[in-house]
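S.K.: What follows is a predicted protein model with its sequence.
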Amino acid sequence: MNWVSLPAPEKKFRAKAKIRQQHSPADCIVTPINDNTIEVVFKEPQLSITPGQGLVLYLDDLLLGGGFIAFSNNEDVETKDLEGFRRGES
């Protein structure tokens, strides 16, 4: 992950992620793993997320940074976490 507008965050936060050029930014929770690695959980399921694709993060109109997807696990999503996200819980 390459951070553009801020130093590497230390806590999880909400953002919008764009995974394809024509893709509309989607709500997500970003959890830092280390300075160069993050975990992204989308509020709504996203189709065809593939390792090697680019991912760009935004906070409103501010570009936060971007990187390449190393791993996608669409089938192992924790429903409890998504339900909390939808209710506004972090």
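M.R.: Nice, thanks for sending it over.
S.K.: Tell me where the model's unsure across the chain.
M.R.: 74-90 (pLDDT under 70).
S.K.: how about residue 11, what does it touch?
M.R.: residue 32 (C-beta atoms under 8 Å, 6 or more residues apart in numbering). Yep, even glycine has a C-beta here, placed from its N, CA and C like the rest.
S.K.: all strands for this structure, in order.
M.R.: Ranges of strands in the chain, per DSSP state E, are 2-3, 13-18, 26-34, 37-42, 54-59, 62-68.
S.K.: Provide the strand pairings for the fourth one, with the direction of each partner.
M.R.: Strand 37-42 pairs in its sheet with strand 26-34 (antiparallel), by DSSP bridges.
S.K.: Just the endpoints, please. Distance across stretch 13-22?
M.R.: 24 Å (C-alpha to C-alpha, to the nearest Å).
S.K.: again, but for stretch 14-31
M.R.: Across stretch 14-31, first to last residue, C-alpha to C-alpha, it's 9 Å.
S.K.: One more: stretch 34-49?
M.R.: End-to-end span of stretch 34-49 (C-alpha to C-alpha): 22 Å.
S.K.: one step back: pipe the strands of the chain into a markdown table and attach mean neighbour count and distance to residue 48 per row.
M.R.: Formatted as a markdown table, the strands of the chain follow (neighbours: other C-beta atoms under 10 Å; distance: least, C-beta to C-beta, whole Å):
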| stretch | mean neighbour count | distance to residue 48 |
| --- | --- | --- |
| strand 2-3 | 14 | 23 |
| strand 13-18 | 18 | 14 |
| strand 26-34 | 16 | 13 |
| strand 37-42 | 17 | 13 |
| strand 54-59 | 18 | 13 |
| strand 62-68 | 15 | 15 |
